[in-house]
Each structure stands twice: as structure tokens, then as C-alpha cells.
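Colleague: sequence and computational prediction follow.
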Amino acid sequence: MARDAGPSPRPSRRRPNGRRGRGDARPAAAQAPPPRRLRSVLSIRSVAGQMFALQVLIVLLLVVAAVVALLIQSRSDRYAAARDRSLAAAQTYAHSPGLVAAMQGPDPSAVLQPSTEAARKAAGVDFIVVADRNGIRYTHPQPEQIGKKFVGTIGPSLRGMVTVEQVNGPLGREYQVVVPVEDARGAVIGIVSSGMKVANVSSAINRQLPVVLGAGTLALGLATAGTALVGRRLLGQTHGLGPEEMTRMYEHHDAVLHAVREGVAIVGGDGRVLLANDEARRLLDLPPDTEGRAVAGLGLAPRTAELLLSGDAVTDEVIPVGERLLAVNTRSTGNGGGPGGSVTTLRDSTELMALAGKAEVAQGRLRLLYDASMAIGTTLDVRRTAEELAGMATREFCDYATVDLAEDVLHGDEPPTLAVGAPVELRRVAVAGARDDSPLYPPGELVRWAGRTPQAEGFVSGSSALVSEPAADAGWRTQDAERTQAVLEFGLASLIAVPLTARGVLMGVASFWRVHDRERFDEDDLSLAEELAARAAVSIDNARRFTREHTMAVTLQHSLLPRALPEQSALVVAHRYLPAQAGVGGDWFDVVPLPGARVALVVGDVVGHGLHAAATMGRLRTAVQNFSTLDLPPDELLGHLDELVSHIDQETDPAEGALAISGATCLYAIYDPTTATCVLAGAGHPPPVLVHPDGRAEFLDVPVGPPLGVGGMPFEATELRLPEGSSLVLYTDGLVEDRTRDIGVGLDLLRAALAHPDRSPDEVCDAVLGALLPARQTDDIAVLVARTRVLDRDRTAEWEVAGVPEAVALARAEATRRLTAWGLDEAVFVTELALSELVTNAIRYATGPIGVRLLYDRTLICEVSDTSSTAPHLRYAVAEDEGGRGLFLVAQLADRWGVRYTAGGKIVWAEQVLHPDAPAG
């Protein structure tokens, strides 16, 4: 800064003790640099210090690079050593004599466990494991692991290949090799796996790392010594002055006079201005040639001139200068023996007050955005999220807020793209405000916005709109004239319309209103509204996506569940199915009619939620229906279902992002109304409840099998006799399990809810759900209630037939007599023909006693039993064949026919649908 008049203060070079350096100057070579000054030279702000920091950084980078290279090489050496040693041990043991015979022996573990332990210690590996084709271990260093599933990949080894992999096994992180074990014919009968923990393989890093660290330390020491030498040379050349002292003398005026937002004016003892910085000239409106002129000649206000000239101490005295309010501080310069005069600082309090006001407004807006981020999007419900946006906006930002969304968004879809100027139909989802009698469209109304309104233009273009004067805005007034006039008369004076956009999808419009008593919206309010709407739009879009996925999953799930129960007379069935609130699961139920007037009941639960669980449930339900057509016993059916789940799990490829099945539970029951017996088998499912006719409820003792997909264990069935009029209740675990209560409490509540006589199955379902349904349902719930019926004895005819051809005529005669007594004369011809063919086949091809049974229920069923397990097959007989036409005739005349196996043989049956005029069964 130029100084053209008056004495100008000059910077004086001072030593650290504050005394001027005149007569005490000595030659640089004769003065030893003080340690403090040497540290100043070596500071990071000096050239020497920066060079030292650069050298240290380079050395550290080299050391880090060397250590990383050693670690990488060490890891490679470990893996190679572990792989080679494990491969040698596994292949050697896989081809050892006697291994095949031992694996095919009666107790492989007893023979192989000592041998593998000896081989493991000799080979220096951590484990040698022998397993069968299913991955069940015969040996393991930890005996408790014998009999469990092998951890690793065995598929390639079962095809004769060698697998090398890393797994997290029982011993920790392991590097293992899996090789096949082949018999004399080359067939793979099992696997041998050997491996090591990678941490047990030593490497060269322990020898090389000290060398690298020592070299780095030596380099750092040399860099430190070199930098200290350079620092001493610099101090000698600068006569002992450090860099900070040298730069402080030249930067003092700039730091004080120009780097602060305060005016500084120095007045000498003669009343002339010695110095005035730019801020002081601006605040006091001083001319350019102020320095050197008398204060009295600057045209200042009397009080201002008095403060500059008085020399008295003044602290934060506020004086008006034009349109500003200045805070003035004055101190005398002669109190410490210096030249007379004063130093005055000036601060613009007007701007500070304005800045404080702006800061307070900004802080309020940040607080509003923070509160909005916490309060908006608490649920995955589109309507609730819109209501949270409107409620948050009316707390501080506006007086009234509305949220309009496209109809497609409410159903989880994306709205179509509209042309510019086209009318827009949006559903009013949320309205919030100080009063409830506002003329704004109410919630739930479908609003058709005109093309020129801010709402329509914003929804089409994605741009926000600020309407400071709605009364003068032609676009907004194109909407319903009567309603817009009512809005103006109500006192709504300014509007901001912001489109709700997230991930490129325009979902709706949020409108914010202020009444005429408040300050109208400005551009800053528009930015805040856009930020608020943007945050809410993300939550609305998340809720929309969840709604879409949930709707898809629920639709898929309901399409896979039975839409209507089949007609049957053995049971009176009622059911309830409630999907989870947060996501569908894999629960299912089914009622399957079986031959002989029997009915199968099934409930199941796939572990997990989502589309994958629902799709898996559909596959399992279809499989159960297919297995039921084979008329398998419950335990055998669950065995086939267990194999299917394991097969599905093996087909899942985790690399493609698919989720593996974690398991499933199932309960399968077959009820026979002719004997009032029920055969049940379970796979990890909660036990069913039997409600006796007197209302007593008890949990049935069904053998508990493992969940489906675990494999390795057979299932067991139990047979019970059910009293007529009793109810069998099947359910899934979502009914009795809840986060707020123990499962034992849920079972007790279920028993108490069922212990009431004279309730229909539908009433039982309602009572169970009313007693056990949780407030927050996190899992699917399936309930199946079946009330038993018993077929009247006079509707059943059963007798034995001798194994001679003459017995066929006697069987026909007995059947005719029974049908005539039942009033089924129209069914006599078909029944005689079918019975003749079935009895004839039993006499010709079967052994043992032959039984005939007629069942008159909804249909007429003719059954012929024998002790043979060979089933007849339907075929077409050519012209030269003497036989082969009887079963074909039975299949053509009867509505259904089939074969089911029993513990003592088989039953061949044929079923006829009775004529509508026939007596009801």
C-alpha cells in the first residue's frame, strides 16, 4: 500500500526476546544456531522441512512396497506348499491297499480312522478325511465330526476329477484337495480329502522382513542427518533468523489490514491519518487520498471524528454512519512509550446482524431437512410416506401441504410418460394444514389438473414452479375456477409445486402453500422445497418398489395355493391363509382326495421369504400332488419329497445370485372314513392338534423327522383312530411363534382356543386367529381344520372270493344284490363288467386270498385286493391276442381306475361317478 504523506511506521527486525538487533550483531560463523531456531528451520513450512518430509515419504513407500511384495510372495508360497502337500497325501491314501475294501466293509470308520490319523501325521498335513459318495465322513481328526456332512465340493470328484479349494472347515480356514476313490472296475465309491491350515505353512517373510525394515530405518536416519546439516547451513546464512521471523515482518501488514473483515484507521498525534485500510475507507466512505490528511477535513460526523481523535479507550461503541451501524473500538498508541496517536477498528454490525439472521434461517432449514430425513420414510407404505411429507412440511416451512401421486404409483407401477401440455390425473393422497376446512382437494379424490397448471407442467417436465401471486398466475387459474377463487378467499397467497422424482421416475407432485399473513415464498424457499421433496421422493419410490414386489410375490403365492377345496365326503374342511405383512413366505396347504374315499391333508413351510420361497412352495405343492397320485404312504411320500428338495438345492447356482433352499417342513396325513383311521408323518413340522367331540384338545404324538432337504434319516409314520366328529387341526409355525412370546406359550394359547365343543371348522379357524394372530405378523400363517366323518357301514360291502374261475359269477351276483339294495340299478352293468375283469385278473395272476369291497359314497368304488405286488398295465390288444382287453374295457367304462399298494399286496380299484338322480351318499 502506497504511503505518500506523514511518517510511515516501518517494520523493525526484532530478536526473539523483543530487543532491537543493532549493536549485538555478530558474524554468522561465530554464532551457533540455537536449537529452537534449528527446529524452526526443520518445520514443515520450510524448504528443508519439506525436503525431509519428501524423503521420509519416499522411504516409507519403498518399505511398504517391499513388505506388500513379501506378503504376496509369502501367500503364494503358502498356497503352493499347502496344495502340493495336500495333493500328495490325498492321492497316496486314495490309492493305498485295502482302502476300497474297508470303505465297502460293515464299519468303515473303525478301520479307517486309525489309518488316516497315522497317515496324516506321517504326511505332515492337518487332516485326511474319507467320505462316501453322499459326503458323509468316515474319518476326521476330530472324532465328533465323523458321520457329518463333508464341507467342500465333491461333485467333480464323484466324476473322477480332482478338486482343489479353500473352505472354512471344522479346523478353520483350510486349503484342501479332494480326490476320488475308485474300485477295481473304475467306479467312484467315495472321496479322500487332505488339507492344511494355511497358517501352518511357513514362508521366507520371517527372514526377509527384518532386512527390509532395517534398510528402511537406515535410510530414515540418513535423511534425518542430511536435513539437519542443511538446516544448520541455512541458519548460518540467515544470521540466526528463522523463516517465520523473516516472513512475519513482511506479511504483518497484509495479515492485519487486508485479511480481516474490519476497518483499521491509525491517527497520529497531530490528528492526521497515518493509515486506513480498504475496509475502513468503505465503511467511513473516505476519499482515496485519505492518508496524510487531517481527520477534521474528511467530512466525518462529529461523533465519528471525536472517536478517531480523542485517544481514549472505547470498546464496541455503536455509531450510525449513513445506513450502517458501526461497532467502534479505539486504543491509544502512546501508552507503551510509543508515538502519540490512536488505532481505531470498525466493524459493520448491520451486516453481522444480517449474517446472523441468515445463519439462523439456514440452521432452521438444515434442522428441518434433518428432521425430515428421520420422519419421512419410516414405513414402506406409499400413502403413509406421503402423509409424513405433508405433515413435516407444515411444521415450519409452510401452512398447508398436499401430495398428489399417479394412480400407477399406488399400485407399485411406473406412470406413463405424458406429452407437454396434456392434462394430468393424480390421486390426492395427503393433505396437511393448520385447519381442516381448507378448500383444497380432499384426500382420496382423483384430480384432473389442466395442462397449464404448475402441477401438470411439473409432473410432465419434472421442473418446479414458484407462484408468488396465484391471483395473477393465468396457468394456475385455468384449474377449477370456483375452487381457485375459494382458495384465494381462504387466504392462500403463495405456492410452490415440486415434482416428486426419484431414479428418473416422475411419481407425483407436492404442493406447498403459505397464507397471506406470512412472508411469501422466495428462491431460497424453492430450493428447500426441492430438497425436501427429493428426499421424500426416494422414500416414496422405495415404498412403490416394495409394493410392486410384494404384490407380485403375493399374486404368485396365491396362484400357487389351492383356490377351492376339492369335493369329498370324508372331512368337513375349513382353512385360513394370511401372508406376512413385510413379505410373502413359503407356507402352503392342500386337500387331496385319494382312492377308496380317503383324503390326504398336507401343510408345509419353506424356510425364507420372497419370490424364491413362494416359487419353491409351488414346486413342492405340485410334487406332493404328483406323489399323492401314486398313493404312497405318508413316510414314503416325505422321503421322495426330501430327495426332491435336496435335488433342487443342488441345482441352485450361487454364482448366478440365486438363493439356496435352507430347508422346508411338512406334515402329511391320510384319513380313511371307512375305518376312521388316520396315518400321519412329519418332517420337522409342529405337531397337529386333535379336538375331541367333547372339546378336549390334545397334541398328537407324531414321530418328528428331520426337515426336508437335510437327508440321511428315514421318516416314520403313525396310525391313529379318530372319533367321529373330532377335528384335526394342522397349522404352520407362524401361528404359534412370535418375537414377543415363547413357542410354548403359543402352543398353550392354541390348545385353549381349540378346547371348545360345538364349533364348526370355520368358527374354529376364526377363533384360533383371533386368539393367536400377532399385532405385527412377520411370517405366513396357514391353518387347516378338518372335521371327521365315518362312512356308514351299510354303505360298505366287503367279502372274500375263492381263487377259482367259478367264483367270478358269485362275485357278480353279490355285487348286483348290493347295488340293488342301494338303489343303484343303473350302475349294475358297469360294476359287473369291471368286477369280473378285476377278479379274473386276480385269479389268473395273483396269489393268496382275494378280497372285494364296494364303497358307496359320492361315487361308487369297486376294489379288488390280492397279495401280489405286480400291478396290471393297460395296453392295446391286437386282433390275434386272446387277452388284454379286459382292463382296457374297465378304463373305458369307469371314470377312474388305478392301483395302490398295501403292506400285504395291492388293491386294484375302479370308480364310477353316479348319475345325478342316484341317491346321495
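Modeller: Right, received. Where do you want to start? What you are looking at is a predicted structure, and each value in this text was computed from that prediction instead of being measured.

Colleague: when you work out contacts or count neighbours from here on, use the C-alpha atoms and nothing else.
Modeller: OK.

Colleague: so where do the strands sit in the stretch 101-250 of the chain?
Modeller: 127-132, 163-169, 172-182, 188-197 (DSSP state E, counting those that start in this stretch).

Colleague: show me what the first one is packed against.
Modeller: Helices and strands touching strand 127-132, by 3 or more CA pairs under 8 Å, 6 or more residues apart in numbering; DSSP states H and E, are helix 108-123, strand 188-197.

Colleague: the third one too?
Modeller: In this structure, strand 172-182 packs against helix 47-94, helix 155-158, strand 163-169, strand 188-197, with contacts taken as 3+ CA pairs under 8 Å, 6+ apart.

Colleague: which residues touch the last one?
Modeller: Outside strand 188-197, the residues within contact range by CA atoms under 8 Å, 6 or more residues apart in numbering are 82-83, 85-87, 89-91, 93-94, 100, 125-133, 135, 154, 157-160, 171-183.

Colleague: how about it as PDB, C-alpha atoms only?
Modeller: This file holds the C-alpha atoms of strand 188-197, laid out as PDB (Å, rounded to 0.1, in the frame of the first residue of the first chain):
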ATOM      1  CA  VAL A 188     -16.100 -93.900  -7.800                       C
ATOM      2  CA  ILE A 189     -17.200 -95.200  -4.400                       C
ATOM      3  CA  GLY A 190     -16.100 -92.200  -2.300                       C
ATOM      4  CA  ILE A 191     -13.600 -89.500  -1.800                       C
ATOM      5  CA  VAL A 192     -10.400 -88.800   0.100                       C
ATOM      6  CA  SER A 193      -9.700 -85.200   1.200                       C
ATOM      7  CA  SER A 194      -6.500 -83.900   2.600                       C
ATOM      8  CA  GLY A 195      -5.600 -80.400   3.600                       C
ATOM      9  CA  MET A 196      -3.800 -78.000   5.800                       C
ATOM     10  CA  LYS A 197      -4.500 -74.800   7.600                       C
END
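
Colleague: average pLDDT across stretch 403-415?
Modeller: On average, the pLDDT along stretch 403-415 is 90.

Colleague: let me fix that, I meant to ask about stretch 595-606.
Modeller: Averaging pLDDT along stretch 595-606 gives 93.

Colleague: deepest in the core, which of the helices and strands packed on strand 172-182 is it.
Modeller: Sort these by mean neighbour count, taking mean count of other CA atoms under 10 Å, and strand 188-197 sits at the top with a mean of 25.

Colleague: neighbouring strands - and their directions - for that one?
Modeller: strand 127-132 (antiparallel), strand 172-182 (antiparallel) (DSSP bridges).

Colleague: and His647, which of those is closest to it?
Modeller: Nearest to His647 among the strands paired with strand 188-197 is strand 127-132; the distance by CA to CA comes to 17.8 Å.

Colleague: and that closest one, how far out from the chain middle?
Modeller: Mean-position distance between strand 127-132 and its chain equals 37 Å (CA atoms, centre = their mean, to the nearest Å).

Colleague: what's that strand in contact with?
Modeller: 89-90, 103, 112, 116-117, 119-120, 137-141, 150, 189-196.

Colleague: about what we covered before: rebuild the helices and strands packed on strand 127-132 as JSON lines, extending it with distance to Glu636 and mean pLDDT.
Modeller: Shown next, in JSON lines, are the helices and strands packed on strand 127-132 (distance: least, CA to CA, whole Å; pLDDT from 0 to 100):
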{"stretch": "helix 108-123", "distance to Glu636": "28", "mean pLDDT": "86"}
{"stretch": "strand 188-197", "distance to Glu636": "26", "mean pLDDT": "88"}
